[in-house]
Structures are given as structure tokens and as C-alpha cells.
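# Fold the following.
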Amino acid sequence: MPVEPLVCPRTATRVSSVLNRDVKHFGKQHLFDGSEETCWNSDQGTSQWVTLDFPCPVKVSQLHIQFQGGFSSRLCTLEGCRTGEELVKISELYPQDSHAMQISFPSVEETVLDKLRITFGSSTDFFGRVVVYHLGVLGERL
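Numbers count the residues shown, from 1 in each chain. A predicted model of the protein is given here:
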């Protein structure tokens, strides 16, 4: 099975919040721009999330994520579904509070879906903010 990046320009992306509503500097577009200078920075709150609606069904096999140390999540819940269905829990991940790229979480199962939601349920930041420099969802387009 070929493993390729699944996020493309036609992937609809939504986020729970953006720091001070400053979309230009901290918006969702920075999750995938490949720049080490930019990031998605959520506003404060107890649960932050990113939702990806893929233009075609995909089989997810890997998740790559790079947080800013001190603004990471202790628990990431992955939920997914096919078009017209309700989100169901796929997996729970326990990332490190580190700025290092965290690659290929072993508990990500190969699941066919059209929508993926990553919920950052427990931020290491006192105010619940999450900062992500890179988000990669890899797998196979079907």
C-alpha cells in the first residue's frame, strides 16, 4: 500500500478556535504549509480540535504532528466517519510535550473514512491552548 499525504487543497479543514481570532498569523492554513516559522495556535479552552473533510475516501495509516513544547496535548482522540455517518472513536494517542516531530503513532489503525477529527483534550498549557507547527495525515486515497 502506498503511503502518501492525504491533505490536499480540496480537503476542507476546520479548527475549534484561533488565538485572538488572528487567522492571518495563527490560522489553520499553517498546519500544512511546511514552514517551520508558522503554526496554528488555538485560543484558550478545555478542548481544541481539527476536522478534515477529504474530497474522496481515504485509508489513514499514520499521523505526524509537531507541537510547540508547553502547548501540546497529553491526549489526542481520533474520530472518523464516512459521509453521512456520525463520528466514531478510532484511537487515543498520548503525545509527548515536546517540539520534536512525533511520527507514526503505533495506535493509528488503517480505517477508511471521509472525515477525520483530532481532538486535543488535555493541553499542557494552563489555559488550554494548543500550538501545532505541522500536521500530517498519511495513508492511501481510495
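
# What's the biggest strand in the protein, counting residues?
Across the chain, the longest stretch assigned as strand under DSSP state E is strand 48-67.

# so the helix or strand following that strand versus strand 48-67, what angle?
Per DSSP states H and E, strand 48-67 leads on to strand 76-81 as the next helix or strand towards the C-terminus. Our comparison of strand 76-81 with strand 48-67, counting by axes from the mean of the first three to the mean of the last three Cα atoms, to 10 degrees, yields an angle of 120 degrees.

# tell me which residues of strand 76-81 are tucked away?
76, 77, 78, 79, 80, 81 (16 or more other Cβ atoms under 10 Å). Using the backbone N, CA and C atoms, a C-beta is placed for each residue, glycine as well.

# The fourth one against residue 88, yeah?
Yes - with contacts defined as Cβ atoms under 8 Å, residue 79 counts as touching residue 88 at a distance of 6.2 Å.

# one step back: residues of the longest strand of the chain that come out buried?
Within strand 48-67, the residues that count as buried by 16+ other Cβ under 10 Å are 48-52, 54, 58-63, 65-67.
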